[in-house]
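> what's the 3D shape of this:
(one chain, ligands or ions: 1)
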Amino acid sequence: MLREQGDKRKVLSNERFKQVIIKKILQDMNLKDDYQPETILSMISYWKNQILRPNDIKPESSIEEELKQIYKQYEDWKENNQYIDFDDFMLETYFLLTYEPEVLKYYQEKFKYILVDEFQDTSYIQYELMKLLAAPQNNLCVVGDDAQTIYGFRGAESHFILNFDKVFPHAQQVLLDINYRSTDKIVGLGNEIIRKSKQKIDKQLKAMRTGYQSPKFLRPNTINEEAKIIADTIQTLVHNGEKTYKDFAILYRTYAASRAMYDEFVLRKIPFVTYGNDSLFYNHSFVKPIVDILRLSQNPNLEEAIVSVAPVFFLKKDEVERTLNRIATMEYIEGKQSENKLKEVISILSKHVKSFQRDALQEKLLELEKLKTLAPEKAIKHIRTGRVFSYDKYLDMNKRQSLTFHKEMVMEMLNELENSAKRHKTITDYLQFIEQIYLTHQEMDAVRINEEANVVKCMTIHQSKGLEFDTIFFISFIENVLPHKAALFADYQEDRIARNNQPNKNLSKLEEALEEEKRLAYVAITRAKNQLFISSPKKHHNEKAKVSRFLLEALTSVRDTYGRQTKK
Ligand SMILES: Nc1ncnc2c1ncn2[C@@H]1O[C@H](COP(=O)(O)OP(=O)(O)OP(=O)(O)O)[C@@H](O)[C@H]1O
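Coordinates of the predicted model:
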């Protein structure tokens with residue numbers, strides 16, 4: 001539509017390129033080390049989906065003001081360079097149709113019938129566009145599953161599908177309540193999980209296929225044991241010839257929950273593939289600095305690690321990079337290698353800082369020496385909670401870093417890092433193991449694009465939406481993971497900066513967050529065609545873990561319905 005109106009701007013479609021632009025803006029604003037470009041871009045996208053342009057944002061804190069300015073600069077850059085991004089397609093079309101009645105009429109007459117799929121994932125702006133185009137005849141057909149609205153954080157709003165008949169009172173509702181995918185046992189469990197949802201369209205799915213195997217419930221002691229049992233099961237079924245690797249998928253709520261599973265697959269050489277940008281746990285932006293500190297404790301000449309940990313040393317990445325270049329030039333001129341590049345960088349940069357900062361930098365260097373011989377688990381504990389690095393506190397102070405990440409998610413990842421280090425005696429062993437994981441991950445790149453590859457697929461529940469697998473292992477179905485701790489504390493959390501335009505008035509924040517978590521459990525269960533394993537480890541980060549309330553509720557309702565106690 002924009003093109004038809006003569007818009008000739010180039011399309012800014014490359015995510016990397018967008019990140020470079022944001023990086024440049026952050027650098028100009030002297031904020032380069034403070035935000036991750038991906039975070040900023042997802043925030044901008046969220047705003048656009050809520051029909052909020054920079055001037056519509058009313059900042060309530062200095063950080064919000066900063067974000068608004070970054071957003072504004074990004075928009076200015078695009079305008080000056082004649083670019084348009086994907087979210088602008090919708091935003092600008094929305095304004096075009098809203099302010100140009102002739103254009104609106106033209107398209108309303110052109111598109112006589114409109115069909116929308118995956119309606120439950122619709123954002124505010126998408127819905128507004130649909131309504132504009134469908135009017136006045138309203139020949140609109142939407143297909144969706146209210147039980148699968150799981151993209152709240154991206155702007156999808158469950159009340160659009162729930163209230164569709166109020167917005168379009170003459171709409172006819174057709175229930176697609178036959179499930180052709182899963183066996184009756186799996187469909188039954190899915191029905192029970194979602195049955196007590198507070199806000200849903202009433203329906204009970206009927207299964208077309210009869211299965212012989214009921215969903216199996218595992219209650220391992222820890223997530224390491226969970227990983228072992230699952231790897232054993234997969235190996236046995238494959239060796240028996242009953243299944244092949246590609247029949248299996250591992251689904252989890254958080255990346256942290258999947259760490260033990262990845263490690264086990266790598267150790268046993270089980271072919272597998274993971275999805276998503278963040279899928280490499282050890283490379284996650286909150287985890288990597290700790291791994292890099294461990295690396296530097298063994299070898300202080302790793303330049304990439306020196307730059308990566310700069311913010312933890314309260315140094316600017318730019319300055320560290322420049323200093324490293326200077327050292328490299330000196331090495332070239334003098335024809336000798338530096339013995340300790342980290343120490344040299346610190347001694348050069350120390351000249352320009354106050355004496356207390358100089359002392360703090362020296363203390364960090366000394367601490368690295370101390371870490372050198374510790375067992376990796378102990379070393380990670382020192383980095384996190386010891387006086388010198390106090391990494392947990394450092395993250396807590398840095399509100400900008402954790403804007404789109406809940407504190408609980410971050411802590412869970414760091415606890416998991418500690419957990420992963422347990423089975424290695426020395427830091428060198430541990431780092432070699434991580435290296436092996438990186439290599440496996442690179443090899444996966446080729447496999448990832450081949451849908452038919454014979455590999456186990458590992459993904460978050462969000463990523464599994466719309467997919468189906470013969471056998472699903474739904475792991476870490478425990479309290480604080482699903483429902484996630486971040487959801488359980490929803491009432492106490494500050495509003496996310498990207499605020500919802502039309503919050504659901506009938507539910508509290510906690511209830512709404514819990515409902516979305518429950519729908520996630522439903523999506524996970526309904527991905528299985530023939531066999532489903534649900535696992536709830538007894539311990540989570542050294543604390544007792546309860547089976548997820550969603551599973552308990554579902555089992556109770558089975559008992560209520562059939563008047564007998566459900567088997568454990
Ligand atoms: N009429 C049918 N007869 C036999 N199999 C069918 C029929 N309709 C769908 N299926 C099968 O059921 C499975 C699910 O179908 P499909 O992916 O279209 O459903 P969906 O509603 O998009 O599912 P979801 O939203 O849960 O991902 C597929 O394997 C598909 O081949």
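> Do a quick rundown of the strands in the stretch 201-350 of the chain.
206-209, 216-218, 248-252, 272-274 (DSSP state E, counting those that start in this stretch).
> which one's the longest helix in the chain?
For the chain, the helix that runs over the most residues, judged by DSSP state H, is helix 427-448.
> Can you name the element that comes right after that helix?
Using DSSP states H and E, the helix or strand that follows helix 427-448 towards the C-terminus is strand 456-460.
> what's the next secondary structure element after that following strand?
Helices and strands here follow DSSP H and E; after strand 456-460, the next one along the chain is helix 461-464.
> what angle sits between the helix or strand just after that next one and strand 456-460?
Scanning forward in sequence from helix 461-464 by DSSP H and E, the next helix or strand is strand 469-474. For strand 469-474 against strand 456-460, the angle by axes from the mean of the first three to the mean of the last three CA atoms, to 10 degrees is 50 degrees.
> Check the gap between the residue lying closest to His541 once chain neighbours are set aside and the ligand for me.
In this structure, His541 finds its nearest non-sequential neighbour in Asn415, 4.3 Å apart by CB to CB, 6 or more residues apart in numbering. To be clear about C-beta, it is placed using only N, CA and C from the backbone, and glycine gets the same treatment. As judged by CB to the nearest ligand atom, to the nearest Å, Asn415 and the ligand stand 33 Å apart.
> and the helix or strand hosting Asn415, average pLDDT?
Per DSSP H and E, Asn415 falls inside helix 407-421. Helix 407-421 comes out with an average pLDDT of 87.
> For it, which helices and strands make contact with it?
Applying 3 or more CB pairs under 8 Å, 6 or more residues apart in numbering; DSSP states H and E, we find helix 407-421 packed against helix 255-268, helix 288-298, helix 376-385, helix 391-397, helix 485-488.
> near the ligand, which residues of the stretch 401-550 of the chain show up?
Along the stretch 401-550 of the chain, the residues adjacent to the ligand under the rule CB under 6 Å from any ligand atom are 466, 468, 526.
> The ligand: which of those is nearest?
Nearest to the ligand, judged by CB to the nearest ligand atom, of those is Gly466 at 4.6 Å.
> Any stretches of the stretch 301-450 of the chain with poor pLDDT?
399-405 (pLDDT under 70).
> so what's whatever residue of it ends up closest to the ligand up against?
Closest approach of the stretch 301-450 of the chain to the ligand (CB to the nearest ligand atom) occurs at Asn450, with a separation of 20.1 Å. By CB atoms under 8 Å, 6 or more residues apart in numbering, no residues touch Asn450.
> same deal with Ala207?
Contacts for Ala207 (CB under 8 Å, 6+ apart) come out as 179, 182-184, 186-188.
> So it versus Ser182, what's the distance?
Look at Ala207 and Ser182: by CB to CB, to the nearest Å, they are 6 Å apart.
> Would you tell me which residues of the chain are close to the ligand?
145, 148, 180-181, 466, 468, 526.
> For the residues you listed, which entry has the maximal number of neighbours?
Within the residues of the chain next to the ligand, most neighbours by other CB atoms under 10 Å means Thr526, with 27 neighbours.
> Correct me if wrong: that one contacts Gly188.
No - counting by CB atoms under 8 Å, Thr526 does not reach Gly188; the two are 11.2 Å apart.
> For whatever residue of the stretch 151-300 of the chain ends up closest to the ligand, which three-state class applies?
As assessed by CB to the nearest ligand atom, the ligand sits closest to Tyr180 within the stretch 151-300 of the chain, at 3.3 Å. Under DSSP: H, G, I helix; E, B strand; the rest coil, Tyr180 falls in the strand class.
> Same list, the residues of the stretch 401-550 of the chain next to the ligand, but as CSV with pLDDT please.
Listed next are those as CSV, based on pLDDT from 0 to 100:
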residue, pLDDT
Gly466, 88
Glu468, 96
Thr526, 96
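> rewinding a little: surely the residue of the stretch 151-300 of the chain closest to the ligand touches Leu205?
No - applying CB under 8 Å, one finds Tyr180 not in contact with Leu205, separated by 10.4 Å.
> between the helix holding Asn415 and helix 255-268, how many degrees?
Counting by the same axes, to 10 degrees, helix 407-421 lies at 20 degrees to helix 255-268.
> Could I get the buried residue list for helix 407-421?
407-421 (16 or more other CB atoms under 10 Å).
> same thing with stretch 195-215?
Of the residues in stretch 195-215, those buried (16+ other CB under 10 Å) are 195, 197, 200, 205, 207, 211, 215.
> What is the lowest-pLDDT residue among these?
Among those, pLDDT bottoms out at Lys200, giving 80.
> Next one: the residue nearest to it when sequence neighbours are not counted from the ligand, what distance?
Distances taken as CB to CB, 6+ apart put Asp146 closest to Lys200, at 5.5 Å, once the chain neighbours are dropped. As for Asp146, its distance to the ligand is 11 Å (criterion: CB to the nearest ligand atom).
> My read is that Asp146 contacts Gln120, right?
Yes - if you go by CB under 8 Å, Asp146 and Gln120 touch, sitting 5.9 Å apart.
> shared neighbours of these two, anything?
Counting by CB under 8 Å, 6+ apart, the contacts common to Asp146 and Gln120 are 158, 161.
> Quick one: residues contacting Glu515.
Applying CB under 8 Å, 6+ apart, the residues near Glu515 are 158, 197-199, 507.
> Including distance to Leu97 and secondary structure, could those residues go into JSON lines?
Shown next, in JSON lines, are these (distance: CB to CB, whole Å; DSSP: H, G, I helix; E, B strand; the rest coil):
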{"residue": "Ser158", "distance to Leu97": "25", "secondary structure": "helix"}
{"residue": "Ser197", "distance to Leu97": "35", "secondary structure": "coil"}
{"residue": "Lys198", "distance to Leu97": "35", "secondary structure": "coil"}
{"residue": "Gln199", "distance to Leu97": "30", "secondary structure": "coil"}
{"residue": "Leu507", "distance to Leu97": "32", "secondary structure": "coil"}
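> and Val174, how many neighbours?
Val174 is flanked by 8 other residues according to other CB under 10 Å.
> ugh, wrong one, Gly241
Counted with other CB under 10 Å, Gly241 comes out at 7.
> same check, this time on the one 4 residues further on
As a burial measure, Tyr245 scores 18 neighbours (other CB under 10 Å).
> Same check on His239?
If you count neighbours by other CB under 10 Å, His239 ends up with 9.
> Check what pLDDT it gets.
The pLDDT attached to His239 in the predicted structure is 96.
> what stretches of the stretch 51-200 of the chain score poorly on pLDDT?
By pLDDT under 70, the low-scoring segments of the stretch 51-200 of the chain are 153-156.
> And the helices in it, which stretches?
62-80, 86-99, 101-110, 124-134, 158-162, 164-167, 184-195 (DSSP state H, counting those that start in this stretch).
> Need those in CSV (columns: distance to Glu553).
Output for the helices of the stretch 51-200 of the chain, formatted as CSV (distance: least, CB to CB, whole Å):
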stretch, distance to Glu553
helix 62-80, 38
helix 86-99, 38
helix 101-110, 46
helix 124-134, 31
helix 158-162, 19
helix 164-167, 27
helix 184-195, 8
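> What's the local residue count around Ala260?
25.
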